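J.: the sequence and its predicted three-dimensional model are supplied below.
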Amino acid sequence: MVEHLETAEAQIQDEMELVYGYPESLTRASTHYCPGCVHGIVHRLVGEVLDELGIRERTIGVAPVGCAVLAYNYINTDFVEASHGRAPAMATGLKRVNPDKIVFTYQGDGDLAAIGTAEIIHAANRGELITTVFINNAIYGMTGGQMAPTTLSGMVTTSTPTGRDCRLAGYPMRMSEILAQTAGAAYIAREMAVDLASIRKTKQAIKRAFLTQMNGLGFACIEVLATCPTNWNVDPWSAMQWAKEHMSAYYPVQTFKMTDEVKALRV
Amino acid sequence: MVEHLETAEAQIQDEMELVYGYPESLTRASTHYCPGCVHGIVHRLVGEVLDELGIRERTIGVAPVGCAVLAYNYINTDFVEASHGRAPAMATGLKRVNPDKIVFTYQGDGDLAAIGTAEIIHAANRGELITTVFINNAIYGMTGGQMAPTTLSGMVTTSTPTGRDCRLAGYPMRMSEILAQTAGAAYIAREMAVDLASIRKTKQAIKRAFLTQMNGLGFACIEVLATCPTNWNVDPWSAMQWAKEHMSAYYPVQTFKMTDEVKALRV
Amino acid sequence: MRHEETVFSGFGGQGVLFAGQLLSYAGLAEGLYVTWFPSYGPEMRGGTANCTVILSEEEIGAPVVRHPTAAIVFNGPSFTKYEPLVKPGGLLLVNSSLITARSAREDVRAVFVPATDVATELGNVRMANMVLLGGFVELTGLVSLQTIVQQLDEHLSERQRKWLEPNERALHRGAELARQSG
Amino acid sequence: MRHEETVFSGFGGQGVLFAGQLLSYAGLAEGLYVTWFPSYGPEMRGGTANCTVILSEEEIGAPVVRHPTAAIVFNGPSFTKYEPLVKPGGLLLVNSSLITARSAREDVRAVFVPATDVATELGNVRMANMVLLGGFVELTGLVSLQTIVQQLDEHLSERQRKWLEPNERALHRGAELARQSG
Amino acid sequence: MGRGMVVIDVDRCKGCGLCTHVCPVNILQLATDTYNAKGYHPVVVTDAEACIGCASCATICPDVVFTVYRRKRQPRVAAVGA
Amino acid sequence: MGRGMVVIDVDRCKGCGLCTHVCPVNILQLATDTYNAKGYHPVVVTDAEACIGCASCATICPDVVFTVYRRKRQPRVAAVGA
Amino acid sequence: MVKQLLKGNIAFAEAAVRNGLEAYFGYPITPQSEALEHLSGRMIEEGRVFLQAESEVAAINMVYGAACAGVRTMTSTSGPGFSLMAEGLSYIAGSEIPVVVVNMMRGGPGLGNIQPSQADYFLMTKTAGHGDFHPIVLAPSNVQELIDDVALAFELAEKYRTLVLIAGDGSIGQIMEAAELPPMQPVRKTRPAWATTGAQGRERNVITSLYLGAANLEVVNKRLQAKLMEIKHHEARFSEVQTEDAEVLLVAYGTSGRICVSVLREARREGLKVGLFRPRTLWPFPEERLAELSHQVRGIMVVEMSAGQMLEDVERVAQGRVPIRFHGRMGGVIPMVDEIKLDLDALAADVAVR
Amino acid sequence: MVKQLLKGNIAFAEAAVRNGLEAYFGYPITPQSEALEHLSGRMIEEGRVFLQAESEVAAINMVYGAACAGVRTMTSTSGPGFSLMAEGLSYIAGSEIPVVVVNMMRGGPGLGNIQPSQADYFLMTKTAGHGDFHPIVLAPSNVQELIDDVALAFELAEKYRTLVLIAGDGSIGQIMEAAELPPMQPVRKTRPAWATTGAQGRERNVITSLYLGAANLEVVNKRLQAKLMEIKHHEARFSEVQTEDAEVLLVAYGTSGRICVSVLREARREGLKVGLFRPRTLWPFPEERLAELSHQVRGIMVVEMSAGQMLEDVERVAQGRVPIRFHGRMGGVIPMVDEIKLDLDALAADVAVR
Ligand SMILES: Cc1ncc(C[n+]2csc(CCOP(=O)(O)OP(=O)(O)O)c2C)c(N)n1
Ligand SMILES: Cc1ncc(C[n+]2csc(CCOP(=O)(O)OP(=O)(O)O)c2C)c(N)n1
Ligand code: SF4
Ligand code: SF4
Ligand code: SF4
Ligand code: SF4
Ligand code: SF4
Ligand code: SF4
Ligand SMILES: [Mg+2]
Ligand SMILES: [Mg+2]
């Protein structure tokens, strides 16, 4: 296949210019994600950003426990696999002894907003110079679609068979709003990946988040509203429409904290 | 001693009226706290509130791990001793199976704002019908005065011998501001216990917090700015002045969240 | 003594696990000891699914076996994996719609049923599992087709009720084809 | 063979632990094996503090003993606790300023020094620990008073430097009194 | 007997001194010579007559040392007749 | 050859269909008959000429299936001469 | 009640409901999440308490809280989640509260994978957390035993006021078998006298594991140890297959245990006098009976889905009387009958019973 | 370098600094907080990394992260904190990363108290977390050994890429003794090839404990077990006192071990031929030598500050050759020489060496 591509490229070298090519910072492995899973899109965005910033060789990723547990098979940097929810603590250890390197965590909403609540909040509060990409798909994907802290009210999951009853099961948690309360956070924003525009915007935000770290400005976290077609039981495109309509209604797509230095960054 | 008191009381029955007597909801045990420790004052306030609300016999307390670990020796209700930081989880278990009972946690800043971050935030977010009294003395008292998440910038502790350097050790954490972000919280306020007025105000807040639970209005937490004369290395009175001046400067004494129902409560 | 160790294997989505369960229900209904043991994993698509169903007159020890007495293979990869493993004298039931390969083994009874095509004819590609199950029951006589149909009736969820009738036809059609090619 | 198992016991704040450490430093300086073992607990005030100091010419096994060869008791509760425990033939050094009780034991050498009063005379009640330590050294000859003074010199923190001289006097005064009453 | 009166549970006192700072009529002091059972210099009332029964001491005391009384309102006549 | 062109890495495609919804000229479709190595109906281009090389497909594709090219700006003369 | 085809995870969850489970707190983890999912519906239906916690740490402390209130409560998890419960389990043991925890073991260490394993034997039987204590550990090897063990677990937990663990594995959780569920029981109406339910008209109750002063804590430890001794003497359970005339003894529990039944059948068919000793309690370990058997047989083979953990207990009990051989598979691999059989034959040869 | 009077907690902390400790992450807990406090000043002075974590869970995962970067890193804690690290420790074992953890044991279970204890023996030696693994466990019994064990711990951790625990107790942490500190070492300049430091001009490094598929994980487990076997054969350490002619053998480690030295002296004075076997590594347990001795002596007495945990290993190794007596204290009580001596005399009488 790759060969085939090369020849194809050869042919058209002269007449055509490349407008989208395979990101260097991604491995060639095909992901294990379900068809249309947003994890794939955001992995790609991270790869593109690492390429554009030219930091692949000085970046260390921290994979979560969640569907993205195998992120290290796809994002082509040094990687470690954290225990469930502790990625920010592990990233803290990595960064403190590698201050000149770029360390990022990639976490799901169960990983970051449930079991990992303390670790993410304290990493943010310490202003750890790490970057967090937070995929909010309102569900526990990997384990079969149980309720996540971010599951919307009334949403049916395998652990809320009659729909989430917030009075019993708690309310959908707005993590970005909470992280923005910490003194150490330099850049906290919520984006989504549900159409071309929002995907492009998400990429810019992720890029700014990495630049925040590269410039030593503090902790940065980009929450990305995403989908889980499999556990939502809808096709990928409908899932995106649903997310655009319902998730962004409860989870405002917004920049919650951005210090002046971060604002000043040219992305 | 007690006898002596009784006779004394007898004598003066007719001429005098009692304006302050020993709270029924406190045991007669003398506390293990250091002289002038604010834990003693807040224990007393809790006792007075339980008396005034007449709920001693239906209340279950959850003691923290911290200097207040022996709170159950002093507050005269059913009590359980939680593991460090997990009091809100234990209280959740207790309350869910005792919905008609009153359950409160009494926690320090290491217990609640460090190791117990996830448990308190999720209890708040679930709107657990429990009440939390949170003693912020900016230090780990019990273990010998190490830095707490709430330790002020530059403050010298046994684990920040040259003063807290926030860039390395993280920033003082404002927990009430964070808890106020959760959907399940009905009443979140920060008070202090550093002089007569603030002590009286703190008592009203604690009373309102219990009433919030009694009326099923949601989670309530009262943060109390306090002192630790021993580990601050100052006399109790100076400690109170210091807290009044410096702690309340960084930790605004304020009501961060109060639902209309809670506002409507007559305290 | 009735004793059969059967592997059902195919793509996720081909109804492999349900076919196995249906056989298990039938076995139980006919008073046999039963174990149904699935391959399980995290939510990852496009994987292969399989389950081992053991029906026996004596209490069952190991719920998985290296050499099944019968294998029902729904797709190519499953054929490759299980064709060599079937016990000598055992049965290899193949969905010939998706599997062109032929077995080189002399010591197993290989039966080929174009289950996917038949299912498509009958109106839903997803009924291939019933075609194969029908064939299996016909070939082994392990349980009666009636019992299978009864159990199908009992265990089809409301939403799938409408498929009861077609599925029945698929079962019978599979039995038929097996009888011929078997 | 020089071997002494000494318990220092009193209120927290009476300098019990430091007196024990000073003896330990001296023992080390004179080439003895040394262990200093404190009672320790959470931050709770008004408790009693004590430590066991063992000086010996042979390597030390157990760092705590049930029956010390010497007990230096700074207050009433400590007297009550350790008076019965001292080894027969052992030394019981008592701060008679705070302890009015007398020992009924014939088999121990009980010496009474009004350490708190002496310390107050010398300008600081907190030096009672040095008075008693001076007395102890005088009575046991376990280490030389000079060594104690040297070590005091070495281990007084900057802030306490000004107390070196008075503490020295306290040590000598303690020795003196012990010589007389001993 | 003054307008107010406090009963002090001496052995509960830890001599922290907080009450001495808040008594509006300044009649609370730590004993300098005596110790209580706990080994602290306990609080003492220097002028019982002056107590106004405001309970400020009780409000700040961490160790529930104080019981506070205030004289009941008496009909003025009685006062005169006295 | 049109203004744009996409190269499709067929066996990476999972047939999720997302790209088919965002192609502005509607030339992307899932194959109905053929399967790829993964067993999915892969995307196919129905009218290569129409591609404008906007890379929308690549932007939304979770599986990096597309490589996208756009015709280089040619000097008008050349165009005429052609 | 007739037998029905039940999946292990659903079976133990439903069994708990029918045994009057009043509150369940848990956090999803494969391979036991179906239990949590089943309870998320059933408990609410029954008007009881179900709560998905924010973590296993929270879950075990919620269970701790509910147990202090004197209700039947439990949680279920697997390897990594079980590790996270260690501190809470130690507190529960220290304060002598009845709690039931199911651990459907999976491949480790670390994240490992989700296939069946028995590698948490040490962690469950020797301690489960810091300090001196042993939980009672039940080891079912089929769905019916799993169902029955739920009732037993609650009974023992409450009888001794102690922690009871059910040691399952991914295989027992995922398998479907015919089994019979107990009849439905309502939740207990009364609460035990020691429970913290509000001190209304009685002395207040305080539940703690803190005992300042070594002497005080030692008293508690001695009481705890005395209780454990009593449990050790009365609650050791095991089952045997054809041990009467056995010359070679298979020792295995849980899934390994049932697999060994097949091994035994094959070997017997070939005339090898083999017996099976299957511990039903891992703690207390059925030492007495195994010691007896170690006098009778000429060789022992231990089969585990681990590197050899129960093996150490067998060695300790057999005291070198007969050679002990070990067949272990790791990482989630299920031992195969034919492979075990090979080792068994080898052992038989060594000890010259063949 | 001359000997100085050092407190155990300060001693091991300073020893770590001098052995080139590059990063410390920890959470305060008595009775080891002085170590954290000492490092909070020293590490910053030396321009190295010190961070007080938000919990022990965070601390061990920070250590995990720093260790993945290939630096010398450690944490220290006590009972409850050690329990909370169980999951992280299992991940560390599973990904074969060199890490050192000090556990100054205190009275348990639960919150217990803060007095010295040896009741975490099982938790430390048998597993420390879910899944199949053993940490190397060093057991110092005085401040000098504690200091020396820090160097040894790092050496072994890095040699075998494994988890090494130092099993101390409150007493070793609080005692002051004369000891010699090693000379100051700077931090290592280079990072090992496997470390995740950014894939600059090399293949990228991935560190994980996840292995999907039972077969794959079993391969890793086998490698892990092979390594543990190697450690078992080469790293078992112990020290002996007057065992040559011993008829009765004392077996104890750490604080119990040093106390037994006094017991031995008294007994010898009275002419009883007693020896002391003091394991310096609890895992690997020095089985071979103890087995030898169990042939030589006529009775064994195990002394522990627990209900009898190492006791099980002694029983397993001695294989019933000689009677084994146990003297244990719990809840933070330090065993007293005279009481141990009484039990020893009783044993001596039983086995008729007196
Ligand atoms: C300690 C622990 N608890 C639970 C699990 C099981 N588990 C694996 S992933 C996961 C949640 C995944 O959800 P999320 O973080 O939202 O990621 P997603 O799959 O949705 O991308 C859980 C609970 C585990 N592996 N470890
Ligand atoms: C799991 C665990 N970690 C650490 C400790 C040690 N510890 C006891 S209390 C405490 C902190 C107390 O500080 P805080 O919560 O602020 O209470 P305070 O004493 O200041 O009132 C710590 C770290 C413990 N007991 N358990
Ligand atoms: S389960 Fe959901 S989150 Fe996981 S890969 Fe599938 S679609 Fe994506
Ligand atoms: S240490 Fe501080 S918090 Fe604890 S009792 Fe003393 S003064 Fe109060
Ligand atoms: S009651 Fe008021 S006046 Fe009387 S002593 Fe107390 S503070 Fe002073
Ligand atoms: S405030 Fe209470 S404890 Fe403090 S000195 Fe006054 S009476 Fe005593
Ligand atoms: S590049 Fe644009 S026009 Fe061409 S196929 Fe992709 S989306 Fe359609
Ligand atoms: S978006 Fe990608 S994976 Fe989905 S159908 Fe289009 S090409 Fe295939
Ligand atoms: Mg998710
Ligand atoms: Mg505090």
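T.: Thanks, I have the structure now. Ligands and ions are numbered 1, 2, ... in the order given.

J.: got a list of what whichever residue of chain E sits closest to chain B touches?
T.: Across chain E, no residue is closer to chain B than E:Pro62, which sits at 2.7 Å (CB to the nearest CB). Any C-beta I mention is one placed from the backbone N, CA and C, and that applies to glycine too. If you count contacts by CB atoms under 8 Å, 6 or more residues apart in numbering or on different chains, E:Pro62 has them with B:31, B:33, B:35-41, B:43-44, E:14, E:16, E:18.

J.: got it, and G:Arg298?
T.: Contacts of G:Arg298 (CB under 8 Å, 6+ apart): G:Glu247, G:Val248, G:Val322, G:Val351, G:Ala352, G:Val353.

J.: could you measure it against G:Val351, distance?
T.: 4 Å (CB to CB, to the nearest Å).

J.: overlap in contacts, these two.
T.: Common neighbours of G:Arg298 and G:Val351 (CB under 8 Å, 6+ apart) are G:Glu247, G:Val248, G:Val322.

J.: and the residues you listed as CSV, adding secondary structure and neighbour count?
T.: Listed next are the shared contacts of G:Arg298 and G:Val351 as CSV, based on DSSP: H, G, I helix; E, B strand; the rest coil; neighbours: other CB atoms under 10 Å in any protein chain shown:
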residue, secondary structure, neighbour count
G:Glu247, coil, 17
G:Val248, strand, 25
G:Val322, coil, 18
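
J.: flag every buried residue along the helix or strand harbouring C:Ala170.
T.: Element membership of C:Ala170, judged by DSSP states H and E, is helix C:164-181. Buried residues in helix C:164-181, counted by 16 or more other CB atoms under 10 Å in any protein chain shown: C:Asn167, C:Glu168, C:Arg169, C:Ala170, C:Leu171, C:His172, C:Arg173, C:Gly174, C:Ala175, C:Glu176, C:Leu177, C:Ala178.

J.: could you let me know which of these ends up closest to G:Tyr160?
T.: C:Asn167 (52.2 Å; CB to CB).

J.: ok, the closest one to C:Asn124 distance?
T.: 9 Å.

J.: now do G:Tyr121
T.: Counting by CB to CB, the gap from G:Tyr121 to C:Asn124 is 48 Å.

J.: circling back to that earlier point, and the contacts of G:Arg298, which is closest to ligand 8?
T.: The shortest gap between ligand 8 and any of those belongs to G:Val248, at 57.4 Å (CB to the nearest ligand atom).

J.: between G:Tyr121 and C:Asn124, which one's more packed in?
T.: G:Tyr121 (29 against 14; other CB atoms under 10 Å in any protein chain shown).

J.: right, and the more buried one touches G:Gln309 too?
T.: Yes. Between G:Tyr121 and G:Gln309 a contact is recorded at 3.8 Å, counting by CB atoms under 8 Å.

J.: quick one: contacts of the helix holding C:Ala170?
T.: C:93, C:111-115, C:118-119, C:122-124, C:127-128, C:130-139, C:145, C:148-149, C:152-153, C:156.

J.: stretch G:218-232 now?
T.: With CB under 8 Å, 6+ apart, stretch G:218-232 has contacts from G:93-94, G:96, G:132-134, G:136, G:156, G:160, G:162, G:211, G:284, H:107, H:109, H:307, H:329-333.

J.: and the residue in the stretch 251-354 of chain G that chain E sits nearest to, bridged to which residues?
T.: Evaluated by CB to the nearest CB, the stretch 251-354 of chain G has G:Trp283 as its residue closest to chain E, separated by 46.8 Å. In this structure, G:Trp283 bridges to G:Val137 when assessed by DSSP bridges.

J.: what does C:Thr35 give?
T.: C:Ile54, G:Glu177.

J.: quick one, what contacts it?
T.: C:Ser24, C:Thr52, C:Val53, C:Ile54, C:Ile60, C:Pro63, G:Ile175, G:Met176, G:Glu177.

J.: go ahead and build a PyMOL selection from the buried members of those residues.
T.: Those of these that count as buried under 16+ other CB under 10 Å are selected in PyMOL with:
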select buried, (chain C and resi 24+52+53+54+60+63) or (chain G and resi 175+176+177)
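
J.: got the contacts of C:Thr35 as TSV, with pLDDT columns?
T.: Below are the contacts of C:Thr35 laid out as TSV (pLDDT from 0 to 100):
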residue	pLDDT
C:Ser24	98
C:Thr52	97
C:Val53	98
C:Ile54	98
C:Ile60	97
C:Pro63	96
G:Ile175	98
G:Met176	98
G:Glu177	97
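
J.: looking at the contacts of C:Thr35, which two lie furthest apart in space?
T.: C:Thr52 and G:Glu177 (12.5 Å).

J.: one step back: looking at the contacts of stretch G:218-232, which are in strands?
T.: G:Ile136 (DSSP state E).

J.: now restrict the contacts of stretch G:218-232 to buried residues only.
T.: G:93-94, G:96, G:132-134, G:136, G:156, G:160, G:162, G:211, G:284, H:107, H:109, H:307, H:329-333.

J.: restrict the residues you listed to contacts with ligand 6.
T.: Among these, no residue sits close to ligand 6 (CB under 6 Å from any ligand atom).

J.: and stretch G:186-193, end to end?
T.: 20 Å (CA to CA, to the nearest Å).

J.: does that stretch reach chain B?
T.: No. On the criterion CB under 8 Å from any CB of the partner chain, stretch G:186-193 is out of touch with chain B, staying 9.1 Å away.

J.: A:Gln204: how many residues sit nearby?
T.: By other CB under 10 Å, neighbour count at A:Gln204 equals 15.

J.: what about it, distance to A:Phe210?
T.: Distance from A:Gln204 to A:Phe210, counting by CB to CB: 11 Å.

J.: then G:Val351?
T.: From G:Val351 to A:Phe210 the distance is 66 Å (CB to CB).

J.: same drill for the two, tell me which one is more crowded.
T.: Using other CB under 10 Å as the criterion, G:Val351 and A:Phe210 rank with A:Phe210 on top: 24 against 17.

J.: which residues does the more buried one contact?
T.: A:Val49, A:Leu50, A:Leu53, A:Ile55, A:Ile102, A:Phe104, A:Thr131, A:Ala220.
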